[in-house]
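Student: Structure for this input, please:
(one chain, ligands or ions: 1)
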Amino acid sequence: MDLVKIRRDLHEIPEIGFQEKKTQRYLLDLIHSLPQERLEVAEWRTGVAVKVFGLNPTKTIAWRTDIDGLPITEETGLPFSSTHPGFMHACGHDVHMATAMGLLEKLVQKPLDDDAVVLFQPAEEGPGGALPLLEWLKTSKQDFMPDLICAMHIAPEHPVGTVATKPGLLFANTSELFIDLHGKGGHAAYPHLTEDMAVAAASLLMQLQTIVSRNINPMDSAVLTVGKMSAGTVQNIIAEHARLEGTIRTLNNESMAKVKKRVEAICRAVEEAYNCRVSIDYGSGYLEVDNDPELAEEFLQFAEAFDGVTAVRSVAAMTGEDFGYFTAEIPGLMFWAGVDSEFGLHHAKLHPDESILGIMPNFIHQFFKTL
Ligand SMILES: CC(=O)N[C@@H](CCC[C@H](N)C(=O)O)C(=O)O
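Tutor: Numbering: from 1, shown residues only. Here you go, the predicted structure:
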């Protein structure tokens with residue numbers, strides 16, 4: 001398979017969580033172009049699961065890739081830029097999918113002793129595909145249920161050939177955060193007759209930023225980011241509605257509960273201060289990605305000895321990943337894979353170095369053989 005072409009084709013058609021219809025069709029066509037003798041293919045919502053029967057199986061080893069894009073307008077200027085206005089593969093899931101397809105081809109050509117499953121999972125960026133996919137595996141597709149599971153995420157800051165991970169906690173646990181403020185709007189010239197939701201939202205945003213600095217132990221870590229804020233309709237009407245959209249990241253459930261408690265207290269205070277109604281919706285939340293210590297050590301040792309690959313012992317990051325639902329139930333491993341891009345994840349100019357596709361499928365296939 002031409003993995004660069006596959007990556008570019010997929011890059012052109014980014015679709016957000018549970019809308020990955022074209023992506024699913026494209027993946028299924030590729031999977032059906034492979035020799036089918038050792039394969040079983042199953043569709044799950046907008047995702048795909050493929051089993052490759054092993055030669056002498058005693059367990060099932062899985063590889064998981066995410067398949068969704070983000071609502072960002074691409075600014076790379078590349079000839080294979082997104083054809084879906086306002087959407088882009090800005091988190092590397094196009095590279096992840098091409099890598100998974102390359103691995104699948106290798107598994108078909110040279111099967112493992114064990115059974116292998118490749119999961120093309122929707123909705124990693126939100127609202128989360130891993131949890132319902134895991135439920136489906138457990139209840140309706142037990143013969144695909146893995147005993148071990150691995151996944152990678154591109155790392156713009158590392159050169160191609162670098163893999164980075166650590167035993168234990170790798171990614172934070174997360175909660176989305178949506179806050180709506182409603183009050184009495186009106187004429188811009190009569191502020192004393194209104195409750196201005198733009199001003200209330202601005203104050204709320206600033207107060208939310210005190211939670212991490214004032215309420216979380218400095219030796220712990222947390223992030224509260226508001227990535228989107230909107231209010232009002234036009235320049236000379238005082239806004240009757242404002243909305244904040246953000247995310248909370250912590251390293252444990254206790255800190256997550258504490259941040260949420262403070263968010264709620266501040267919102268109640270803003271209601272009082274600005275005579276308005278404030279509602280909070282936590283959207284979806286992900287468990288932390290907790291690498292199996294033994295599997296992570298085996299991986300790092302394997303990578304250190306692998307020609308053309310550099311192994312790095314990384315620190316944990318405040319990124320979120322619904323892969324955490326897998327690691328909570330099955331021994332699992334996630335690692336970063338370098339793609340040397342000047343622009344980072346979730347940036348409109350993210351431009352991964354595609355030469356990673358010449359390395360990773362073989363590297364993962366060889367690692368799977370050792371498990
Ligand atoms: C790897 C990565 O970038 N993942 C996303 C996951 C987002 C989960 C959810 N939508 C949230 O914002 O909490 C990330 O932003 O870390």
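
Student: need the longest helix for the protein.
Tutor: What stands out as the longest helix in the chain, according to DSSP state H, is helix 253-274.

Student: That one packs against which elements?
Tutor: Applying 3 or more Cβ pairs under 8 Å, 6 or more residues apart in numbering; DSSP states H and E, we find helix 253-274 packed against strand 173-182, helix 197-215, strand 222-231, strand 241-250, strand 277-281. No exception for glycine: its C-beta is placed from N, CA and C like everyone else's.

Student: Quick one: the ones you listed as TSV, columns for distance to residue 104 and mean pLDDT too.
Tutor: Converted to TSV, the helices and strands packed on helix 253-274 look like this (distance: least, Cβ to Cβ, whole Å; pLDDT from 0 to 100):
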stretch	distance to residue 104	mean pLDDT
strand 173-182	29	97
helix 197-215	42	97
strand 222-231	34	98
strand 241-250	32	98
strand 277-281	38	98
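
Student: Tell me which of the ones you listed lies nearest to residue 167.
Tutor: The closest of the helices and strands packed on helix 253-274 to residue 167 is strand 173-182. By Cβ to Cβ, the value is 17.6 Å.

Student: buried residues in that closest one?
Tutor: 173-177, 179-182 (16 or more other Cβ atoms under 10 Å).

Student: near the ligand at all, it?
Tutor: Yes. Under the criterion of Cβ under 6 Å from any ligand atom, the ligand is reached by strand 173-182 at 174, 176.

Student: Mind giving me the packing neighbours of that strand?
Tutor: Short answer (3+ Cβ pairs under 8 Å, 6+ apart): strand 173-182 packs on helix 197-215, strand 222-231, strand 241-250, helix 253-274, strand 277-281, strand 285-286.

Student: follow-up on the earlier one: if you average pLDDT over the longest helix of the chain, what comes out?
Tutor: The average pLDDT within helix 253-274 is 97.

Student: How far does that helix sit from its chain's centre?
Tutor: Here helix 253-274 is found 26 Å from its chain centre; the criterion is Cα atoms, centre = their mean, to the nearest Å.

Student: do stretch 355-371 as well
Tutor: For stretch 355-371, the distance to the chain centre is 21 Å (Cα atoms, centre = their mean).

Student: Can you point out the buried residues in it?
Tutor: So stretch 355-371, judged by 16+ other Cβ under 10 Å, has buried residues 356-357, 359-361, 363-365, 367-368, 371.

Student: could you pull out the helices for this structure?
Tutor: Under DSSP H, the chain gives helices at 3-11, 21-32, 93-109, 130-140, 197-215, 253-274, 293-305, 324-327, 360-370.

Student: How about residue 271, nearest residue that isn't a chain neighbour?
Tutor: residue 278 (5.0 Å; Cβ to Cβ, 6 or more residues apart in numbering).

Student: At the contact with the ligand, which residues of the stretch 151-300 of the chain appear?
Tutor: Checking the stretch 151-300 of the chain against the ligand by Cβ under 6 Å from any ligand atom, the hits are 153, 174, 176, 247, 286.

Student: how about a cut-off of 8 Å?
Tutor: 153, 171-172, 174-177, 227, 246-249, 283-286 (Cβ under 8 Å from any ligand atom).

Student: Select, from those residues, the two members most distant in space.
Tutor: Spanning the widest gap among those are 153 and 177, at 22.7 Å by Cβ to Cβ.

Student: domain assignment for this structure?
Tutor: 3-170+288-370, 173-285 (automatic domain parsing).

Student: mind saving the C-alpha coords of stretch 256-270 as PDB?
Tutor: The C-alpha coordinates for stretch 256-270 follow below in PDB (Å, rounded to 0.1, in the frame of the first residue of the first chain):
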ATOM      1  CA  MET A 256     -10.900  17.000  39.100                       C
ATOM      2  CA  ALA A 257     -13.600  17.000  41.800                       C
ATOM      3  CA  LYS A 258     -11.900  20.000  43.500                       C
ATOM      4  CA  VAL A 259     -11.700  22.000  40.200                       C
ATOM      5  CA  LYS A 260     -15.300  21.300  39.400                       C
ATOM      6  CA  LYS A 261     -16.400  22.300  42.900                       C
ATOM      7  CA  ARG A 262     -14.600  25.700  42.500                       C
ATOM      8  CA  VAL A 263     -16.100  26.200  39.000                       C
ATOM      9  CA  GLU A 264     -19.600  25.700  40.500                       C
ATOM     10  CA  ALA A 265     -18.900  28.100  43.500                       C
ATOM     11  CA  ILE A 266     -17.600  30.800  41.100                       C
ATOM     12  CA  CYS A 267     -20.500  30.400  38.800                       C
ATOM     13  CA  ARG A 268     -22.900  30.800  41.800                       C
ATOM     14  CA  ALA A 269     -21.000  34.000  42.800                       C
ATOM     15  CA  VAL A 270     -21.300  35.400  39.200                       C
END
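
Student: how about that stretch: buried residues?
Tutor: For stretch 256-270, a neighbour-count test (16+ other Cβ under 10 Å) marks 256, 258-260, 262-263, 266-267, 270 as buried.

Student: next one: stretch 32-52
Tutor: For stretch 32-52, burial by neighbour count (16+ other Cβ under 10 Å) applies to 34, 38-39, 42, 44, 46-52.

Student: what is the residue nearest to residue 271 paired to in the beta sheet?
Tutor: Residue 278 forms beta bridges with residue 181, as assigned by DSSP bridges.

Student: residues in contact with the nearest residue to residue 228 once chain neighbours are set aside?
Tutor: Excluding its sequence neighbours, the residue lying closest to residue 228 (Cβ to Cβ, 6+ apart) is residue 245, at 4.1 Å. Contacts of residue 245 were listed using Cβ atoms under 8 Å, 6 or more residues apart in numbering, and they are 176-179, 226-229.
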